[in-house]
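Colleague: show me the folded form of this:
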Amino acid sequence: MALLLQVGCGSPQSKEATAADERQAASSPEEIQALFTREKDLPEAREAQGPGAAWTAKFPSDTPVTITRGEGHALAEFSLGTEAKVRCAFYDELIEAGRTISVVLDGFRQKATLDSVLPYRVDGVAGSPVVFLEARYTVAGENGKQAGSVKLAVSPRLHTPVFCFLDEPGYVQTFTSAVGKILETLTVKEAQAEAIYAEIWLTSAGGVPFGFDWLEVIDAGEGQRSTINLSSSFMPAGPGELALSDEVEVIKSDSSGVLEGTYSETEDGELGHELTLTRTGKSKYTVKGQVQGKDFEQKFDAQKLPDTVAVYRLLSQNHKKTTQLTVSEYMPSLDPSGPGKVSYAIDGKARTVAIQMGQMSLQGTLNDEGLVQQVTASVGGHEIKQEVIFRAGKF
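Modeller: Down below sits the predicted model:
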C-alpha cells in the first residue's frame, strides 16, 4: 500500500507543506481526520500513449507519465502532486466492473482491515459508465493502529476498459476529476463500430449510487442490429463489505425479433448463469448453458421475441395514449426457461408508466419521445431509483 497514516506524534505544519509534510505533521485525531478532506487543483495535462500506440490519453500530472506493459493490460503511473501516485490499468479485453472491484478489495483485505467501502459516484463519461468508490482501512503497526484510504474508479468500456486507484487519504474530488479528464481524452487506434444509440442508467437508494445499466445498439447491417447491455451493482453489505454482481447480454435481432443472444450473470464472483439463446425455427427457440453450476437446456415458443429496442419503439408509439401493453420478454435472471409477461400501463396525459414484471412493480416517467426516463420501486421498505444519466443517438 502506498500510504498508511500512523496515529502518533508529528511536527508542526507549514503553509507550504507538501502532501507528505501534511501527513507527517498530523498528530491529533482532528488533524488526522482533516487529511481525509484534502483537495487540490489538477496539474496540466500530459499526453501519453499505450504500447504500440494502441491508445492515447491526456493525464493531469506533475511528472512524465510512465507506461509499463503487463499481462493483458498496460499500467500508467502519474502524479497529481499528492504523496502517492495514481495508477491506471488499460485493459486489452472486456472487464466486469463488479468483478474488478472485488479482486482489488480482496487484495487489500490480505493486508488490512476494510472499515468501510462506499460507492460515491456513477458517471457517464464519453458515452461509457464509470464507477467511483472509496475504501477506508486500518492496519496494525509497530506503534499502534494506522489508517488509510484508497479511491477506486472503473470504467468497463467495450474497447480499452480502464481501472484507476489512488492510495492516499483525501483528494476524492481531485481523483474523480482526474479520471474524468483521462476518459474524456482517451482514444483508441483501431476503428470500432460506433453505437447508433446508447444510454446509461444510474441505480441508487437514499441518494447513494450502487449500480448502473449500460445499453449500446450497433447497426449490424442487412436490417440486423446488436444490442449490448452491461449491468453492475455494488451494494453495501456491512462494514467493509459490498455485494457485487455483473450481467452481460449481447443480442442480435432483426424486424422479426431476437435471432440469437448470450447472457451471463455473476454474483460475488459466483456464476449465476451463462446461456446461449438461438432461434431454431419460426417462433421456436433453444437456450443452452449453465444455471447455478448445472447444465441447462430448454426449448420454448415465442412470436416476435422483442429486444430492448423493440420494446422502446412500442412504448414510443403509444406514449400519448392511456393504454396497457403486454409483452413477452426473455430475462434469464428472472426465469431462464423462457420469456415472461411484462405489462406497461401507460398514462399519456401524466406521462407515466406502471411496469409489472412478475411480482415486481415499478413506477416510471416518460420523456417527450415516450422513452422511460426514471423508474422507482419499493424493495424491503427502501425506495430504489433508476434514472437515465446519459442518452444519445437514435434507434
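Colleague: what segments of the stretch 1-150 of the chain are strands?
Modeller: Here the stretch 1-150 of the chain has its strands, by DSSP state E, counting those that start in this stretch, at 5-6, 45-49, 55-60, 66-70, 73-78, 86-91, 113-125, 128-141, 144-155.
Colleague: kindly reformat these as JSON lines containing distance to G393 and mean pLDDT.
Modeller: In this view, the C-beta of every residue, glycine as well, is placed from N, C-alpha and C. Below are those laid out as JSON lines (distance: least, CB to CB, whole Å; pLDDT from 0 to 100):
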{"stretch": "strand 5-6", "distance to G393": "47", "mean pLDDT": "32"}
{"stretch": "strand 45-49", "distance to G393": "28", "mean pLDDT": "97"}
{"stretch": "strand 55-60", "distance to G393": "23", "mean pLDDT": "98"}
{"stretch": "strand 66-70", "distance to G393": "33", "mean pLDDT": "97"}
{"stretch": "strand 73-78", "distance to G393": "29", "mean pLDDT": "98"}
{"stretch": "strand 86-91", "distance to G393": "25", "mean pLDDT": "97"}
{"stretch": "strand 113-125", "distance to G393": "13", "mean pLDDT": "95"}
{"stretch": "strand 128-141", "distance to G393": "14", "mean pLDDT": "92"}
{"stretch": "strand 144-155", "distance to G393": "19", "mean pLDDT": "90"}
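Colleague: and those as TSV, adding distance to G170?
Modeller: Below are those laid out as TSV (distance: least, CB to CB, whole Å):
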stretch	distance to G170
strand 5-6	10
strand 45-49	22
strand 55-60	16
strand 66-70	23
strand 73-78	18
strand 86-91	13
strand 113-125	13
strand 128-141	10
strand 144-155	7
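Colleague: ok, which of the ones you listed comes nearest V208?
Modeller: For V208, the closest of the strands of the stretch 1-150 of the chain is strand 113-125, at 7.1 Å, according to CB to CB.
Colleague: residues touching the closest one, excluding its own?
Modeller: 105, 108, 129-139, 155, 172, 176, 180, 183-184, 200, 202, 208-212, 234, 236, 239-242, 389-390 (CB atoms under 8 Å, 6 or more residues apart in numbering).
Colleague: same thing but at 7 Å, please
Modeller: Residues outside strand 113-125 that contact it (CB atoms under 7 Å, 6 or more residues apart in numbering) are 105, 108, 129-138, 155, 172, 176, 180, 183-184, 200, 202, 209-210, 212, 234, 236, 239-242, 389-390.
Colleague: of the residues you listed, which qualify as buried by neighbour count?
Modeller: Using 16 or more other CB atoms under 10 Å as the burial test, those include 105, 108, 129-138, 155, 172, 176, 180, 183, 200, 202, 209-210, 212, 234, 236, 240, 242, 390 as buried.
Colleague: tell me which helix or strand V309 sits in.
Modeller: Using DSSP states H and E, V309 sits within helix 308-318.
Colleague: quick one: that helix to chain centroid distance?
Modeller: Offset of helix 308-318 from its chain centre (CA atoms, centre = their mean, to the nearest Å): 25 Å.
Colleague: what comes up buried for it?
Modeller: T308, V309, A310, V311, Y312, L315, N318.
Colleague: what helices and strands are in contact with that helix?
Modeller: On a contact count with 3 or more CB pairs under 7 Å, 6 or more residues apart in numbering; DSSP states H and E, helix 308-318 meets strand 224-236, strand 322-329.
Colleague: go through those strands and pick out the most buried.
Modeller: With neighbours defined by mean count of other CB atoms under 10 Å, none of the helices and strands packed on helix 308-318 is more surrounded on average than strand 224-236, at a mean of 20.
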